[in-house]
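Visitor: need a 3D model of the following:
(one chain, ligands or ions: 1)
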Amino acid sequence: MKCQGKEDLFAGSFNFLEKITSKAYVFYVLFRRVFALYQLQRRTYKMRKMTFFMVLCFIFVVGVMTVFAEMPGPDSASLWNYISKESPYTQWSFWPDHQGMQPGRAPHGPLHKVYVNDMALNSTGTPVQYGSIQVKESYGKDKKLQNITVMYKVLGYNPDDGDWFWVLYGLDGSVKKEGKPAGCVGCHGSRAKNDFILVHEFK
Ligand code: HEC
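Guide: Residues are numbered from 1 along each chain as shown. Modelled structure (predicted):
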């Protein structure tokens, strides 16, 4: 009996050990499953994040390409071609607070019209968006067109003075001044806070 008692006792403790180890094993297996799932999720999450990021990059690149693909460089000939043929400025808009023909000051002549493209018009504040163009027609007192001045915002063209490319054209597209003429930059520079723009007020 004694012996059997001992056996029982052993058997009991073995049972106990077995129970614990089997439970631990179950926990271990469960833990591994959960951990594997977690890793898989992390991997798919990372992959999703990467795919999402790549899609964003793609959309951005395509967007930038479509916006800038047809934009001219900062040179007077291709800018003239752009505003007279590719995207005739006379089909653009006026600033909401500067519509149609308006009286002007020297050096630009007594009357003028200022046309702006969508990039300029849709700018919500200063500095205006790159790609913005303003075309000003200067008229004499007799309302005869005299010349055309243009401001074109080009990324990296002249960072110290608002990145504007300036041109003064004759009516046939001949170039009288271009680039960063000290006169244009200096006088418009008095309104650097309004991104060198004089006829439209940004709030
Ligand atoms: C002495 C000052 C002065 C100089 C120099 C000057 N501008 Fe202006 N500009 C003005 C003023 C003032 C206006 C506002 C319209 C007006 O009164 O004629 C203006 C308006 C403009 C506009 C319409 C958009 C805006 O900013 O309001 C363009 C484009 C422009 N100028 C281009 C030029 C170019 C290009 C040159 C150089 C070739 C030049 N300007 C030189 C004073 C000047």
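
Visitor: contacts made by the lengthiest strand in the chain with the rest, please.
Guide: Across the chain, the strand with the greatest residue count (assigned by DSSP state E) is strand 145-153. For strand 145-153, the external contacting residues (CB atoms under 8 Å, 6 or more residues apart in numbering) are 72, 74, 79, 83, 108-109, 119-120, 127-140, 162-171, 176, 184, 188, 196-197. Backbone N, C-alpha and C define where each C-beta goes, glycine included.

Visitor: could you show which parts of the chain are in contact with the ligand?
Guide: Neighbours of the ligand within the chain, by CB under 6 Å from any ligand atom: 104-105, 107-108, 112, 114, 134, 136, 149-151, 166-168, 177, 181, 183-184, 187-188, 197-199.

Visitor: among those residues, name the buried ones.
Guide: 104, 108, 112, 114, 134, 136, 149-151, 166-168, 184, 188, 197-199 (16 or more other CB atoms under 10 Å).

Visitor: for ChimeraX, write the select line for the buried members of the contacts of strand 145-153.
Guide: The ChimeraX command for the buried members of those (criterion: 16+ other CB under 10 Å) is given here:
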select :72,74,79,83,108,109,119,120,127,128,130,131,132,133,134,135,136,137,138,139,162,163,164,165,166,167,168,169,184,188,196,197
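
Visitor: what's the mean pLDDT across the longest helix seen in the chain?
Guide: Using DSSP state H to define each element, the chain has its longest helix at helix 2-68. In this model, helix 2-68 has a mean pLDDT of 78.

Visitor: and Lys85, its phi and psi?
Guide: phi -120, psi -60 (degrees, to the nearest 10).

Visitor: for it, grab the count of nearby residues.
Guide: Applying other CB atoms under 10 Å, we find 8 residues neighbouring Lys85.

Visitor: try Leu145
Guide: Using other CB under 10 Å, Leu145 is surrounded by 14 other residues.

Visitor: what of Glu70?
Guide: So Glu70, with other CB under 10 Å, has 11 neighbours.

Visitor: what pLDDT is listed against the residue lying closest to it once chain neighbours are set aside?
Guide: Leaving out its chain neighbours, the residue that sits closest to Glu70 by CB to CB, 6 or more residues apart in numbering is Glu86, at 6.4 Å. We have a pLDDT of 95 for Glu86.

Visitor: ok so, going back, which neighbouring elements make contact with the longest helix of the chain?
Guide: The contact analysis (3 or more CB pairs under 8 Å, 6 or more residues apart in numbering; DSSP states H and E) places helix 2-68 against no helix or strand.

Visitor: understood, closing this out.
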